[in-house]
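[1] Quick one, fold the following:
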Amino acid sequence: MKKETILIADKTCIIYKSEQPEYLLIQPIDEHDLEALDNEVAVVQSLTNKSFTLVAFKIKDWQSELTPWKAPAVFGKIPFGDGAVATLSFIKDTLIPQLEQKQLFDKDKMQCVLGGYSLVGFFALWSSYQTELFNGIAAVSPSVWYPQWMEYAEINKPLATSVYLSLGDKEEKTKNPTMAQVGNCIRKQQELLTAQGVNAILEWNPGNHFQHSDERTAKGFAWIISQT
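    As a prediction, the model looks like this:
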């Protein structure tokens, strides 16, 4: 698999390219994710025999670029912003056309999957309600505790056909009252998706939120590949 780093608009993009890929996997990342990206790709390869290209792009402001509406700080002092719309617009209006121009994506021959970990998983999940671009969503340990999210999910329906959800079995055991709701929220999310006819699974991983994010994300992408 060929790896290269390019700049698209103002975003650093890391591309893992295979020959004649059947899937395009898109993943916003931070520096921690970047360090583990090689292993994540290797794990995906070990879990599927289908070919894929993964494109990761770096997020500069984690607290504002991945969330759809403003909310007070839940941990620390930095509140959340409403930059998810702009990030999704970058994917749809800039990243995808550039990948098509570089012959890295063909919408007629490839499935498009969006995924990631934590707030990225939440962003991926939210994005599935906004556009039909993504065939599948890998929402790995997603921040479904986000204020007003469950109210939104109850009255809206995603446009992706398959959604992978996962959570560490210790993640809801936290002293933070908002984040402690993540277990109940993700159970409810899976119930809502299933009731809406979405092909959805909820997988529980051993451990807390800060363990094996690369392997967990790889499992999510591999499951989506197996379903689409």
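[2] For residue 215, identify the helix or strand it belongs to.
    helix 213-227 (DSSP states H and E).
[3] And for the closest residue to residue 95 other than its chain neighbours, the neighbour number?
    Nearest residue to residue 95 in three dimensions, chain neighbours excluded: residue 8, at 5.9 Å (Cβ to Cβ, 6 or more residues apart in numbering). Using the backbone N, CA and C atoms, a C-beta is placed for each residue, glycine as well. Residues near residue 8, counting by other Cβ atoms under 10 Å, number 17.
[4] Provide the backbone phi and psi angles at residue 8.
    Recorded main-chain torsions at residue 8 are phi -120, psi 120, according to degrees, to the nearest 10.
[5] Tell me the predicted confidence for it.
    In this model, residue 8 is scored at 96, pLDDT.
[6] quick one: the strands in the protein?
    Shown for the chain, the strands assigned by DSSP state E span residues 2-8, 11-17, 23-29, 52-58, 111-117, 136-140, 162-168, 199-205.
[7] The helix holding residue 215 - contacts with which helices or strands?
    Where contact means 3 or more Cβ pairs under 8 Å, 6 or more residues apart in numbering; DSSP states H and E, helix 213-227 is packed against strand 23-29, helix 31-47, strand 52-58, strand 111-117, strand 136-140, strand 162-168, strand 199-205.
[8] 10 Å instead, please
    Applying 3 or more Cβ pairs under 10 Å, 6 or more residues apart in numbering; DSSP states H and E, one finds that helix 213-227 makes contact with strand 23-29, helix 31-47, strand 52-58, strand 111-117, helix 119-127, strand 136-140, strand 162-168, strand 199-205.
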